[in-house]
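# show me the folded form of this:
(chains A and B)
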Amino acid sequence: DAGVTQSPTHLIKTRGQQVTLRCSPKSGHDTVSWYQQALGQGPQFIFQYYEEEERQRGNFPDRFSGHQFPNYSSELNVNALLLGDSALYLCASSLPQLRWGYTFGSGTRLTVV
Amino acid sequence: AQSVAQPEDQVNVAEGNPLTVKCTYSVSGNPYLFWYVQYPNRGLQFLLKYITGDNLVKGSYGFEAEFNKSQTSFHLKKPSALVSDSALYFCAVRDMDTGRRALTFGSGTRLQVQP
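Prediction:
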């Protein structure tokens, strides 16, 4: 049973560049959420996608955008990268019925230099 | 607004002794509560959750947690700690009664189990 798959695992970018991170949800899950985990902190909610639409958004600027495809996979895009965007980006998949919980991927470690 | 507090940055315990990692929460409505564990350079692994029902929830790897509505707490416990339990533990909450879909996490507690 495949869990949540994220790619790439590590990434180094320069300030001002743009980056795209990818997530394939757990088999059978149709909802994808993205979280940012800065070093030494708990994950912070970025946004959630369901039925190819952004359903809710956390306190992140418009430089952060996303997409969900018909096969439920998702992308997180960050434009005009800042040093402060360096973090572990986690994808979580779930079903609308919350009783089944969330499954997290191993994350993408983004370093902005 | 929903929030989670993990008052201890680190918990130290000897192998074989019981362990407790504390968590208190705040939500407007009824809570969904979760515990996750994170090993170095890895994502979050699910331990257990409280949705409704029994206040004592049993999870993976021998962990359990007790939901206490009056104290708004959801402490993680294990009767006998293992060295391999050493990791970073996160408590998270979601409000069951609002339209919010996000999990709110605590700042994490590092568990160190000494042999």
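# show me the contacts for the nearest residue to residue A:8 once chain neighbours are set aside.
Leaving aside its sequence neighbours, residue A:8 sits nearest to residue A:108 (CB to CB, 6 or more residues apart in numbering or on different chains; 6.1 Å). Any C-beta I mention is one placed from the backbone N, CA and C, and that applies to glycine too. Listed by CB atoms under 8 Å, 6 or more residues apart in numbering or on different chains, the contact set of residue A:108 reads A:6-11, A:21, A:88-89.
# next, residue A:108: phi, psi?
phi -120, psi 120 (degrees, to the nearest 10).
# rewinding a little: pull the most distant pair out of the contacts of residue A:108.
Greatest spacing in the contacts of residue A:108, by CB to CB: A:7 and A:88 (13.9 Å).
# more neighbours: which of these two?
residue A:88 (21 against 12; other CB atoms under 10 Å in any protein chain shown).
# can I get the contacts of residue A:108 in CSV with pLDDT?
CSV is the format used below for the contacts of residue A:108 (pLDDT from 0 to 100):
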residue, pLDDT
A:6, 97
A:7, 97
A:8, 97
A:9, 95
A:10, 96
A:11, 96
A:21, 98
A:88, 95
A:89, 97
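# mind putting the residues you listed in JSON lines, secondary structure included?
Below are those laid out as JSON lines (DSSP: H, G, I helix; E, B strand; the rest coil):
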{"residue": "A:6", "secondary structure": "strand"}
{"residue": "A:7", "secondary structure": "strand"}
{"residue": "A:8", "secondary structure": "coil"}
{"residue": "A:9", "secondary structure": "coil"}
{"residue": "A:10", "secondary structure": "strand"}
{"residue": "A:11", "secondary structure": "strand"}
{"residue": "A:21", "secondary structure": "strand"}
{"residue": "A:88", "secondary structure": "strand"}
{"residue": "A:89", "secondary structure": "strand"}
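# list only those of these flagged as buried.
A:6, A:21, A:88-89 (16 or more other CB atoms under 10 Å in any protein chain shown).
# near chain A, which residues of chain B are found?
B:4, B:32, B:34, B:36, B:41-46, B:49, B:51, B:90, B:92, B:94, B:96, B:99-108 (CB under 8 Å from any CB of the partner chain).
# ok, now with 6 Å
Within chain B, the positions near chain A by CB under 6 Å from any CB of the partner chain are B:32, B:42-44, B:49, B:51, B:90, B:101-102, B:105-108.
# of those, buried ones?
B:32, B:43-44, B:49, B:51, B:90, B:101-102, B:105-106, B:108.
# got CSV for the residues you listed, with pLDDT, secondary structure and distance to residue A:59 too?
Converted to CSV, these look like this (pLDDT from 0 to 100; DSSP: H, G, I helix; E, B strand; the rest coil; distance: CB to CB, whole Å):
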residue, pLDDT, secondary structure, distance to residue A:59
B:32, 91, strand, 21
B:43, 85, coil, 22
B:44, 92, strand, 20
B:49, 93, strand, 25
B:51, 87, coil, 26
B:90, 97, strand, 19
B:101, 74, coil, 14
B:102, 84, coil, 10
B:105, 96, strand, 14
B:106, 96, coil, 17
B:108, 97, coil, 19
